[in-house]
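**Q** Sharing a sequence plus its predicted fold:
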Amino acid sequence: MVWRPADCRSPEGSREAVIRTILKGGTPEERAEAAEQVCLTIERTYLTEEGRKVAEEVLPILADDACELVRRALAVTLKASPAISRKLALKLIKDVDSVALPVLSASPAFTEADLAEIARIGGPTRQVVIAKRPKVTSTVSEALVDHGVERAIEAVCSNDNAEIPERCLVRVVERFSRSQAVLSAVAYRRTLPLSVTEKLVRLVSDAVLDHLVSHHEIPPEVAIGIALGAYERATIDLVDQAGLTGDPARFVKHLNAHERLTPSFLLRALANGHMVFLEYSLAELARVPHRRARLMVHDAGPLGLRALYEKADLPMRLYPAFRAGVDAWRALEGEGGILDRVRLQALMLERFLSCEAVEFNVLQDDIAYLLDRLDACSPGAQADPGLLSQPA
């Protein structure tokens, strides 16, 4: 039988009579199938005035049906539909799990306050379902962090559509400092505040730490500590961190204080396309403001970069390689287009390693490092080793 909204206005009688006609007799499975057809029709017609009226009349009756399969058909079919009102949604989540959880997982009817309260008193299963919703606001996340069980915290931290304030992430790391599952979920989030990465570095496993230092900015003092061996479990490539840092001025000051702002390091950073980092590094070494250093690096003539380079007291033997790197970066920028970070890095490395100035002036250790980086970010791209085989 195909049911239509107009059937609810049939001469046979009241809405109860219509529902009895649709769901009369048969097995529970047959009644659930009929209920599903009713709900599908309501979903398709809800935006019309008639559809809304039918939903208001029919859905509460289905929600009161004695048969769990009928109520589950309602919950599953309309779990993400605006046809379920807030009043009805709150009623359904008090039902058995097979009815409550589908609605709780996706219904737009709940307010932030509703979800936060359910997270507080609803128990582990409901906490996990809320944590996996398509969107979790900061208010709801905070309720989960304060009251949720470990599984719920892992779930919300794994959900990149969950807004989790920095203070909450810090609290998660402190509260679950011995749970590798929770710490890993935090570490693999798309973005992390510095305060959180700093705490995670000392707590996570080797594999997670490798991911953390290659995908997230690490506070400079921590990054340098790892690079210098203060943390025995993992090494860190400071060139990667040069590209990730959101505060290059602070980062280069720490590097310089630890005598890590070497010509080789700067050349590697430039070859990887970290131009802003190079500008700040030259400004630090030459003791000039960044604004002035930037203008000198990008001076269209041949004198600006050379003057800044000499003032920074870097070896003139490497200047042709730096000049070639800046020219390669400028050429890429002039070509326009939008490139992701990895592709931009691959193209920059290809062009830099193909420059004649690199062939004759760069140390073989640096060339080997850059070739490894090119292989890592662009497996199909190979620089001609014949161009790079000359002794430094």
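**A** That came through, no problem.
**Q** Quick check, Leu295 in contact with Gly304.
**A** Yes - here Leu295 reaches Gly304: they are 6.9 Å apart, a contact under C-beta atoms under 8 Å. Bear in mind the C-beta positions are built from the backbone N, C-alpha and C, glycine included.
**Q** need the helices for the stretch 101-250 of the chain, in chain order.
**A** Assigned by DSSP state H, counting those that start in this stretch, the helices in the stretch 101-250 of the chain fall at 112-121, 124-131, 138-147, 150-158, 166-175, 180-187, 194-201, 206-215, 220-227, 238-244, 248-257.
**Q** Please list the residues outside the fourth one that contact it.
**A** Contacts of helix 150-158 from elsewhere in the structure, counted by C-beta atoms under 8 Å, 6 or more residues apart in numbering, are 119, 124, 127-128, 130-132, 136, 141, 144-145, 148, 162, 164, 169, 172, 175-176, 179, 181-182, 185-186, 188-189.
**Q** Show me where the stretch 251-392 of the chain has its helices.
**A** In the stretch 251-392 of the chain, the helices defined using DSSP H, counting those that start in this stretch lie at 263-271, 275-286, 290-297, 303-311, 319-335, 341-353, 356-361, 364-377.
**Q** Pull the number of nearby residues for Pro108.
**A** A count of neighbours around Pro108, defined by other C-beta atoms under 10 Å, yields 13.
**Q** okay, which residue is most central for the chain?
**A** The residue lying closest to the centre of the chain (C-alpha atoms, centre = their mean) is Arg190, at 2.2 Å.
**Q** So the residue nearest to that residue when sequence neighbours are not counted versus Leu203, what's the distance?
**A** Of all residues not flanking Arg190 in the chain, Asp160 sits nearest, at 5.1 Å (C-beta to C-beta, 6 or more residues apart in numbering). With distances taken as C-beta to C-beta, to the nearest Å, Asp160 is found 21 Å from Leu203.
**Q** who's more crowded, the two?
**A** More crowded of Asp160 and Leu203, by other C-beta under 10 Å: Leu203, with 18 against 11.
**Q** Excluding chain neighbours, what is closest to Ala328?
**A** Nearest non-adjacent residue to Ala328 (C-beta to C-beta, 6+ apart): Arg351, at 4.0 Å.
**Q** ugh, typo on my part, it should be Ala293
**A** Excluding the flanking residues, the one nearest Ala293 by C-beta to C-beta, 6+ apart is Ala283, at 3.6 Å.
**Q** how many other residues sit next to that neighbour?
**A** Counted with other C-beta under 10 Å, Ala283 comes out at 24.
**Q** Who are the contact partners of it?
**A** Val252, Pro289, His290, Arg292, Ala293, Arg294 are the contacts of Ala283 under C-beta under 8 Å, 6+ apart.
**Q** May I ask which two of these are separated the most?
**A** Greatest spacing in the contacts of Ala283, by C-beta to C-beta: Val252 and Arg292 (15.3 Å).
**Q** between those two, who's got more neighbours?
**A** Shown here are Val252 and Arg292; by other C-beta under 10 Å, Val252 has more neighbours (26 against 14).
**Q** surely that one meets Leu261?
**A** Yes - using C-beta under 8 Å, Val252 is in contact with Leu261, at 6.3 Å.
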